[in-house]
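Engineer: next come a sequence and a model predicted from it.
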Amino acid sequence: MTDPDSRARWSAPALRARLARRHAAERRFRRLGAAAIVTAMASLALLLASIVWNGHGAFRAAEIRLDIAFPEAAFDAADPRDPVAFETALARADTAALLRDALRALFPEAQSRRDVRALQALVSSGARGALRDALRADPSLLGRSASLWLPADDEVDLFLRGRIARQTPEAERRLSDLQIAWIEQLEAAQRLRRHWNTRFFTSGDSREPELAGVWGAAVGSFLTLLVALGLVFPVGVAAAIYLEEFAPRTRWTDVVEVNINNLAAVPSIVFGLLGLAVFLNTFQLPRSAPLVGGMTLALMTLPTIIITGRAAIQAVPPSIREAARGIGASPVQVVGHHVLPLAMPGILTGTIIGMARALGETAPLLMIGMVAFIVDVPSSFTDAATVLPVQIYLWADSPERAFVEKTSGAVLVLIVFLILMNATAIVLRKRFEGRT
Amino acid sequence: MSPLWTLLLVAALASASFVLARKRALAAAGGRAAALHSLPGYYGWYAALWCGLPGLAVALGWALGASQLLDSLALGALPDAGVVQSEAQRALLLNDIKNAAAGRLAPDAIDAGLAAAAAHYTALRARSLALALGLSGLLSAAGACIALRAVRPRLAARAKVERVLRLGLLLCSTLAVLVTIGIVLSLVFETLRFFQQVSPSDFLFGLHWSPQTALRADQVGSSGSFGAVPIFAGTLLITGIAMLVAVPIGLMSAVYMGFYASRPFRDVAKPMLEILAGVPTVVYGFFAALVVAPFVRDLGVTLGLTVASESALAAGLVMGVMIIPFVSSLSDDAITAVPGSLREGSFGLGATRSETIRLVVLPAALPGIVGGVLLAVSRAIGETMIVVMAAGLAANLTLNPLEAVTTVTVQIVTLLTGDQEFDSAKTLSAFALGLVLFVVTLLLNLVALHVVRRYREKYD
């Protein structure tokens, strides 16, 4: 730089201005990138926050303490030691009357038919079953009276949590002024509490939000995944082994390969159509059954399992195969004794991730009728059942406000299962990476 | 007696023949395993396969074929079998018989004829089960005998067992192709039945879609309205909105992660994006219906706009969020595949980072990014739950994102959930829509893969 002008040129105003412009553009671009990623993360945060905000209430439920008298006459004076007679007596007993009597004893001012009905509406319809359960658990209650915590109606629960504002006009809320007054009296008498909602985790679906639970759907999901896993794991791993280790490079193998890649990108609902047309219409398998759901999900996850399985098998170093061949192992023995055990962690990781995706899948199961309203917890692979994501879909469609939080609660349960499965996969992967 | 017994019997016979064949092979070699051609276990497997495979074939055949045979036999034995009955009546009758046989009907709901039919059905079923059990046992035993007689020290048991094993592996790998064929056949078959009732050009180019009224319209003799154009337009509208959200955000996220983000930031942001990808779509749908749709509507109201409560905008926005990680990871792949030399050359010429990205890296990665975007479009078109929960049912032909539109997947779900009869054009139209969906996504995938592959070759 012998040119005396050079320094002057580097600091020429035109150049400085251009440089400043370029740097400003650089900063703008960088901020744009940061904004994009922050937007994505904010969407995730908003999603999770809204679910947690709406859903945490589902794990607690309002309960009412009532002093219930169990007169022997109401139960045909049945002997608890005779289980059959006792059950019939329980089934026949007018437990609603017992509840009504207990409520009227608390609020003697409720005389008219309408008032009594409004009073009864504070207690969930599940309270009658709870009374029977209490008697079953402790038959000595017969002939005595006892103070029991019974499930309250979902509207009471919403009110206790401030989700029903008192300012709203009476006509627009589902609790009348009278009912609110009663609730406040009950609260003052310490007869109302919000307690851990065991029912949510132990019961099946219900039309009443306060009685609905996710257990039926969770069992349905478990059975469905079990079928899917039992079908897709052996078949998928076998296909991966064949394609990686034995398949000759022919036109047919190419077809299989392209086909698997395309199958992985087919919309899941198309697999539902396949299940409907083949399993239900052609083979006449039962509708709504975990068996059919599992078969459909197995077809859907098959390409994923094959692709991850192949990747895991590919990652086994060729030296191991050559060493085994060198000491006289047959190709099948090489695979069975060496390649497969080494690839297994990778295969399992892929399988767990595939199963996690199947657990969250809804659309194909709608096609094969797993959307029915099912109260009973399924006990076999051919029982009518539903699964967690479909349960979420069904509850999200329900008009009752209390179902919004049940839905969010079910979402949280589903997310916990997904986190557990993915965490297992990550742990496996970490171990795997440490070894080779 | 349950069909499970057949399987148990076959399994027991196969294990027994395994043990016997192994012993026999060792005995034939005088107890020295080295004198055998294969390891002793292979002789066991050889016999177990000979024993188990025929038995399993019988059990499988029974599971697939017997129920239909039983049904027709049970119906054929009815006294009024000669009377012509409709398909539905027969199915109903069969259902009654089965329920009566299983004891699921109240005793007073069963008349004498039904009781007899049920008893007949029960007897038939028991007989067929016994037949399956006997046949599979017989074949298994025969197979075992053949295998046991063949066991000699010179028998190449390993080669034979491995051949069967490899054949099994081959069959498993063909299953994926069978699934594709199954999809295509079932969709095409039902679609052809649909096209017998509605002409393809009406379906593909018609402007009016109302499958619900079509049933009634059929009755008065007019053709149903199955013009799918509004549905295609709605799908494209929602997909377009989703892409407007996902492509810039996904692409810029990938760029920021690749060029600017510090390591700790990347360690946080990457798993976050993965979580976003792992959220089940039903959760996105719930989020769209619970939070986003009311928000969009309220925002529209404050701005003085009329917004449908199930606007295309809300569904499209949430679907866009769902697609972000997809676009971001595919763009990331495309960007990292650009050789570092290009980047360094640009830096060496004095370009800033953003200039390098905009003028060198992105143009070089463009085919890969385009391929990724095409895959994302195909994902968005096939996405179901978000639109089922947040988009509308009415097929409006509009480009206004504030109105409710419907999509292909929404229509498939609404047409096929609930009561269905498989002869009506209404139900069959769902399969025609499914075929369109399958073909479009398949084409998009093929094009995308082609673009990506061609681009990869350029820099390798």
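Structural biologist: Sure thing, it's come through. Numbers count the residues shown, from 1 in each chain, chains lettered A, B, ... in the order given.

Engineer: now the element after the worst-scoring helix or strand of chain A on mean pLDDT, going C-ward?
Structural biologist: Across the helices and strands of chain A, mean confidence by mean pLDDT, DSSP states H and E is lowest for helix A:5-10: a mean of 61. If you walk from helix A:5-10 toward the C-terminus, the next helix or strand you reach (DSSP states H and E) is helix A:13-55.

Engineer: direction included, what does whichever helix or strand comes after that next one pair against?
Structural biologist: Downstream of helix A:13-55, the next assigned helix or strand under DSSP H and E is strand A:60-69. Taking DSSP bridges as the criterion, strand A:60-69 pairs within the sheet with strand A:145-151 (antiparallel), strand A:192-196 (antiparallel).

Engineer: contacts only, for whichever residue of the stretch 201-350 of chain A sits closest to chain B.
Structural biologist: With Cβ to the nearest Cβ, the shortest gap between the stretch 201-350 of chain A and chain B falls at residue A:267, namely 2.5 Å. In short, each C-beta sits where N, CA and C put it, glycine included. Contacts for residue A:267 (Cβ atoms under 8 Å, 6 or more residues apart in numbering or on different chains) come out as A:363, B:378, B:379, B:381, B:382, B:383, B:384, B:409, B:437, B:438, B:441.

Engineer: please repeat the previous calculation with a cut-off of 6 Å.
Structural biologist: Contact criterion Cβ atoms under 6 Å, 6 or more residues apart in numbering or on different chains gives B:382, B:441 as the residues in contact with residue A:267.

Engineer: next one: residue A:376
Structural biologist: Residues counted as contacts of residue A:376 (Cβ under 6 Å, 6+ apart) are residue A:204.

Engineer: just to be sure, it is in a strand?
Structural biologist: No - the assignment for residue A:376, made by DSSP: H, G, I helix; E, B strand; the rest coil, is coil rather than a strand.

Engineer: and the gap between it and residue A:215?
Structural biologist: Residue A:376 sits 11 Å away from residue A:215 when distances are taken as Cβ to Cβ, to the nearest Å.

Engineer: for the closest residue to residue B:198 other than its chain neighbours, name its beta-bridge partners.
Structural biologist: In space, not counting the residues next to it along the chain, residue B:198 is nearest to residue B:226; the distance is 4.7 Å by Cβ to Cβ, 6 or more residues apart in numbering or on different chains. Beta bridges link residue B:226 to residue B:209, judged by DSSP bridges.

Engineer: residue B:226 contacts residue B:427, correct?
Structural biologist: No - contact status for residue B:226 versus residue B:427: not in contact, 11.9 Å apart, counting by Cβ atoms under 6 Å.

Engineer: more neighbours: these two, which one.
Structural biologist: Taking neighbours as other Cβ atoms under 10 Å in any protein chain shown, residue B:226 and residue B:427 compare with residue B:226 leading, 25 against 19.

Engineer: residue contacts, the more buried one?
Structural biologist: Contact criterion Cβ under 6 Å, 6+ apart gives B:198, B:203, B:429 as the residues in contact with residue B:226.

Engineer: quick revisit: and the strands paired with strand A:60-69: which comes nearest residue B:64?
Structural biologist: strand A:145-151 (47.8 Å; Cβ to Cβ).

Engineer: could I get the CA-only coordinates of the closest one as CSV?
Structural biologist: Once side chains and other backbone atoms are set aside, the C-alpha atoms of strand A:145-151 remain, and they are given as CSV (Å, rounded to 0.1, in the frame of the first residue of the first chain):
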residue,chain,number,x,y,z
SER,A,145,-75.0,-43.4,59.4
ALA,A,146,-71.7,-42.2,58.2
SER,A,147,-70.0,-39.0,57.0
LEU,A,148,-68.7,-39.6,53.5
TRP,A,149,-66.9,-37.6,50.8
LEU,A,150,-68.9,-37.9,47.6
PRO,A,151,-68.2,-36.6,44.1
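
Engineer: pull out the buried positions in the host helix or strand of residue B:432.
Structural biologist: Remark: residue B:432 resides in helix B:425-459, with elements defined by DSSP H and E. Of the residues in helix B:425-459, those buried by neighbour count under the rule 16 or more other Cβ atoms under 10 Å in any protein chain shown are B:425-438, B:440-442, B:444-446, B:448-449, B:451-452, B:455.

Engineer: again with stretch A:336-351
Structural biologist: If you call a residue buried by 16+ other Cβ under 10 Å, then stretch A:336-351 has these buried ones: A:338-340, A:342-351.

Engineer: please list the residues of the stretch 151-300 of chain B that sit near chain A.
Structural biologist: B:162, B:165-166, B:169-170, B:172-173, B:175-177, B:179-180, B:182-183, B:186, B:249, B:252-253, B:255-256, B:260, B:269, B:272, B:276, B:280, B:282-283, B:286-287, B:291 (Cβ under 6 Å from any Cβ of the partner chain).

Engineer: which of these fall in helices?
Structural biologist: With helices taken from DSSP state H, the overlap with those comprises B:162, B:165-166, B:169-170, B:172-173, B:175-177, B:179-180, B:182-183, B:186, B:249, B:252-253, B:255-256, B:269, B:272, B:276, B:282-283, B:286-287.

Engineer: do you know how far residue B:89 is from chain A?
Structural biologist: As for residue B:89, its distance to chain A is 17 Å (criterion: Cβ to the nearest Cβ, to the nearest Å).

Engineer: how far away is that residue from residue B:96?
Structural biologist: Taking Cβ to Cβ as the criterion, residue B:89 is separated from residue B:96 by 11 Å.

Engineer: neighbour count winner among the two?
Structural biologist: Set residue B:89 next to residue B:96 and count neighbours by other Cβ under 10 Å: residue B:96 wins out with 17 against 11.

Engineer: the more buried one sits in which helix or strand?
Structural biologist: With elements taken from DSSP H and E, the one containing residue B:96 is helix B:87-101.

Engineer: helices and strands around the following helix or strand past that helix, which ones?
Structural biologist: As assigned by DSSP H and E, the chain's next helix or strand after helix B:87-101 is helix B:112-150. Counting contacts by 3 or more Cβ pairs under 6 Å, 6 or more residues apart in numbering or on different chains; DSSP states H and E, helix B:112-150 packs against helix B:4-28, helix B:40-76, helix B:87-101.
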